[in-house]
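> model this:
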Amino acid sequence: MTIKKVLALAPHTDDIELGCSGFLSKLKKQSAQIDAVSFSAAQPLSVGNPVEEFKDAMSILNIDGEFLDFKPRYFHEKRQDILDYLWNRNKDNIPIPELIHSHGNVRIAHCLEHPCYGDHGMICSECRRAYANSVTLPCYSKEL
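Below you'll find the model as predicted:
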């Protein structure tokens, strides 16, 4: 099966390059059109400029990248905004991607100590709500 259009979703700026850049690079070599969306910077958990690093990584991978400036670890407060963004992208983006790559719904015992994992689950669940009837939704991290 040849995949022609892919959407990669990242809760934080470093998630795509750490989680699935090799797979996306392989798809790109097979002529897939790939769009990537990062919902927030990886701050304050990273050093440097994570937004510029995301843009640089997407440039190296030859992927169209979009950065949205949601506040990390507060996605639960913006759940409807996230769904609206995905729904509108789904509605307006013809043809709809054949493959959407997102984080899995991470459930880790120490989530309260590391609430950024909640961002991963939020993107996963809203992605499923917006696209579940349309495309394949593999995840680049497993549930723990």
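> which regions of this structure sit below the pLDDT cut-off?
The model of the chain has pLDDT under 70 over residues 1, 43-46, 93-95, 104-117, 133-144.
> Would you confirm that L7 contacts N90?
No. Counting by Cβ atoms under 8 Å, L7 does not reach N90; the two are 9.2 Å apart. Backbone N, C-alpha and C define where each C-beta goes, glycine included.
> and those two? which has more neighbours close in?
Using other Cβ atoms under 10 Å, the more surrounded residue of L7 and N90 is L7, with 23 against 19.
> can I assume D64 is in contact with D35?
Yes. Between D64 and D35 there is a contact at 4.9 Å, judged by Cβ under 8 Å.
> Looking at these two now, which is surrounded by more residues?
Set D64 next to D35 and count neighbours by other Cβ under 10 Å: D35 wins out with 18 against 12.
> Tell me the secondary structure at that one.
Counting by DSSP: H, G, I helix; E, B strand; the rest coil, the backbone at D35 sits in strand.
> Which strand residues bridge it?
D35 has the following beta-bridge partners by DSSP bridges: L7, D64.
> so where do the helices sit in the protein?
15-19, 21-29, 50-61, 79-92, 116-131 (DSSP state H).
> Let me know which of those helices is the nearest to I3.
helix 21-29 (6.0 Å; Cβ to Cβ).
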